[in-house]
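> need a 3D model of the sequence below.
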Amino acid sequence: MITPAFDLSQDPDQLILCIRVPYTRTSEFDLFIDGTDLKFFAKPYFLRLTLPGRIVEDGREKAKFDIDKGLFTLQVPKETAGEHFEGLQMLTSLLAPKGTRSAKPLVEDVSTGAEDNEEEDEEEFDWQVEQEVYKELSVEELSALQKYGFANQRSGVFARLQEELSEVIDLQNPEGTSAAERRQARLEAEASAFSPDHYLADLFEDDEINRLLKFRPWWTKLSVSTEQEGESAVSFSEEEKEQLRKFPNRSFLLDKPSRSQAWLGLVDILLAYSYEVRSTEGEHNVESPWTIRKLSGTLCWLETYSSLQEVLESFGRRVLCYPLYRHFDLVTSAIRDTTKILQSGKACILKCLLEIHKVFRQNDPAYMLNDLYITDYCIWIQRVKDLARSPSYPQLCVLSRLFHLKSSILLQKEVECMKSMAWLGGGETRSRLWVRVGRFKVWSL
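Next comes the predicted model:
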């Protein structure tokens, strides 16, 4: 658990507590008030204070959350109006010391039966967890950390959230791992994860794959038209409109390399989303957050791509390594779907991003990826003036038609992994198998 940055102030009638919790779900928090004890929990943050005066929970308390600043403000009435609380600036002393749990009695009645045992087995939250005063990283410390997040604009997040985010990303020590080291680690992990047996099973027993390939996602009904017509063709639900109103209104000043990274990251995320929609036939399930983040090198490895070719190669490799359905036709379908999404305009892209945001928002701890990537993408795409002038848009339109021709290069490493395992026949007689990718034979085993 992380002890958040916090501040205390007061007026004659109430105590005011400001807690900075930028990486949490605003709808889920626990608050406990009892005399001089105040406990606040919003995963991954926990704060426990021992106050110099007594406060009460009587219905007059107020709470609000500033999304832009990630600031939670709590106003709690004092038990005695007009009392002055001393030492509210002594933050270390306010952090309640770790308590000790009472020991079990030396003699215990074991006749209470299984019901008591079941209650003891239930795991309760440890309100006495150790705490440390929050310390801001210096400018020098931040500059030494690696960049990641939307358009490679973030750093220092994992310095305190490593334990929580290790369940979301596969990269170890993201603050100290360079872009080249991230890529090398990703490639090694993919080579290790590739299963020739799984790949061949999906390749030859493809009835389920063919059914998925016939599915038509909602964006296929949109016509490729002008920006104005494309915008009007996409409608947003009331829930989506409410989420748009909740987003902070901010601008992004990106240089040319950052804009390129933002576009390539967007394509990578949309590819993963397109695959997930097709593989579930439009019905998101409990595996949807895992599928989207796992297939996106941007989300899973904090990858920063320098070309669209790198994005497509990474996506193709990951589809053949991780999800339930591992077939190259699903790769090409996702590329065509993503091309269609881009052709349909900003509103279509935004609707896809809002769906991803919802999928992550409802999953613990994948919701943190919204703070690192998806929220900023939702805000940024609305401010893009000319979608057709994006560096990725025209390339993706062309490559979606040519990707079959490049498949032998993109999947050479996967085929090499299969080479040692996918033998047919027995004894001294070994048949040679041509592995087909798309319409082309790419390697013989």
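> from here on, contacts and neighbour counts on C-alpha atoms
OK.
> got the contact list for Leu165?
Neighbour list for Leu165: Phe158, Pro365, Met368 [criterion: CA atoms under 8 Å, 6 or more residues apart in numbering].
> let's see if you can find the most crowded of these.
The most crowded member of the contacts of Leu165 is Met368, carrying 22 neighbours; neighbours defined as other CA atoms under 10 Å.
> quick check: the gap between that residue and Gln362.
11 Å (CA to CA, to the nearest Å).
> go on, Thr177?
29 Å.
> neighbour-wise, which of the two wins?
A direct count of neighbours by other CA under 10 Å for Thr177 and Gln362 places Thr177 higher, at 16 against 13.
> who are the contact partners of the more buried one?
Gln146.
> give me the distance between it and Arg183.
Counting by CA to CA - Thr177 and Arg183 are separated by 10 Å.
> same question for Pro323.
20 Å.
> same question, Ala189
Taking CA to CA, one finds Ala189 at 10 Å from Arg183.
> so which of these two has more stuff around it?
With neighbours defined as other CA under 10 Å, Ala189 and Arg183 compare such that Arg183 has more, 20 against 14.
> so the more buried one belongs to a strand, correct?
No: going by DSSP: H, G, I helix; E, B strand; the rest coil, the assignment for Arg183 is helix, not a strand.
> what's the closest non-adjacent residue to it?
Nearest residue to Arg183, sequence neighbours excluded (CA to CA, 6 or more residues apart in numbering): Glu303, at 6.8 Å.
> quick one, phi/psi of the one you found?
Phi and psi for Glu303, reported as degrees, to the nearest 10, are phi -70, psi 150.
> before we move on, what about Leu8?
Phi and psi for Leu8, reported as degrees, to the nearest 10, are phi -120, psi 140.
> residues in contact with it?
Leu15, Ile16, Leu17, Cys18, Leu88, Gln89.
> now do 6 Å
Counting by CA atoms under 6 Å, 6 or more residues apart in numbering, Leu8 touches Ile16, Leu17, Leu88.
> from these, which single one is nearest Thr298?
The nearest member of those to Thr298, counting by CA to CA, is Leu17 at 36.4 Å.
> the helix or strand hosting the closest one - what's its average pLDDT?
Assigned by DSSP states H and E, Leu17 belongs to strand 14-20. The average pLDDT for strand 14-20 rounds to 91.
> also stretch 200-207?
What stretch 200-207 shows for mean pLDDT is 90.
> with stretch 319-332 instead?
Mean predicted lDDT for stretch 319-332 stands at 94.
> and the contacts of that stretch?
The list of residues contacting stretch 319-332 from outside it, by CA under 6 Å, 6+ apart, reads Ala193, Phe194, Tyr199, Gly316.
> and the protein, what are its domains?
5-96, 150-437 (automatic domain parsing).
> among the ones you listed, which gets the worst mean confidence?
domain 150-437 (a mean of 82).
> pretty sure Cys300 contacts Trp290?
No: using CA atoms under 6 Å, Cys300 is not in contact with Trp290, being 9.5 Å away.
> hey, where'd the strands end up in the stretch 51-200 of the chain?
Secondary structure of the stretch 51-200 of the chain by DSSP state E, counting those that start in this stretch: the strands cover 62-66, 71-77.
> can I get the ones you listed in TSV including distance to Asp268 and mean neighbour count?
Below are those laid out as TSV (distance: least, CA to CA, whole Å; neighbours: other CA atoms under 10 Å):
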stretch	distance to Asp268	mean neighbour count
strand 62-66	30	13
strand 71-77	31	19
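> Ser93 is nearest to which of these?
Of all these, it is strand 71-77 that lies closest to Ser93, at 20.0 Å by CA to CA.
> which helices and strands does that closest one pack with?
Under the contact criterion of 3 or more CA pairs under 6 Å, 6 or more residues apart in numbering; DSSP states H and E, strand 71-77 touches strand 14-20, strand 62-66.
> for stretch 292-307, which outside residues touch it?
Tyr148, Ile169, Asp170, Leu171, Asp268, Ile269, Ala272, Tyr273, Arg318.
> do stretch 261-274 as well
Ala151, Ile292, Leu295, Ser296, Val311, Ala334, Thr338.
> centre-most residue in the chain?
In the chain, the residue lying closest to the centroid (CA atoms, centre = their mean) is Leu369, at 2.7 Å.
> need phi/psi at it.
As for Leu369, its main-chain torsions (degrees, to the nearest 10) stand at phi -70, psi -20.
> and what of the one 5 residues further on?
The phi and psi torsions at Ile374 (degrees, to the nearest 10) take the values phi -70, psi -40.
> could you tell me how many residues sit around Lys221?
With other CA under 10 Å as criterion, Lys221 counts 10.
> between the top strand by length along the chain and strand 14-20, how many degrees?
Counting by DSSP state E, the longest strand found in the chain is strand 30-42. On the basis of axes from the mean of the first three to the mean of the last three CA atoms, to 10 degrees, strand 30-42 is oriented at 30 degrees to strand 14-20.
> which strands and helices lie in contact with strand 30-42?
Using 3+ CA pairs under 6 Å, 6+ apart: strand 30-42 touches strand 45-55.
> on contacts alone, who are the packing partners of the strand it packs on?
Counting by 3+ CA pairs under 6 Å, 6+ apart, strand 45-55 packs on strand 30-42.
> buried residues in the strand it packs on, which are they?
By neighbour count, and taking 16 or more other CA atoms under 10 Å as the criterion, the buried residues in strand 30-42 are Asp37, Leu38, Lys39, Phe40, Phe41, Ala42.
> could I get those as CSV with distance to Ile55?
Formatted as CSV, the buried residues of strand 30-42 follow (distance: CA to CA, whole Å):
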residue, distance to Ile55
Asp37, 8
Leu38, 9
Lys39, 12
Phe40, 14
Phe41, 18
Ala42, 21
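> nearest to Gly345 among the residues you listed?
Closest approach to Gly345 among these (CA to CA): Ala42, at 37.0 Å.
> for the closest one, which non-adjacent residue is spatially closest?
Leaving aside its sequence neighbours, Ala42 sits nearest to Phe29 (CA to CA, 6+ apart; 4.4 Å).
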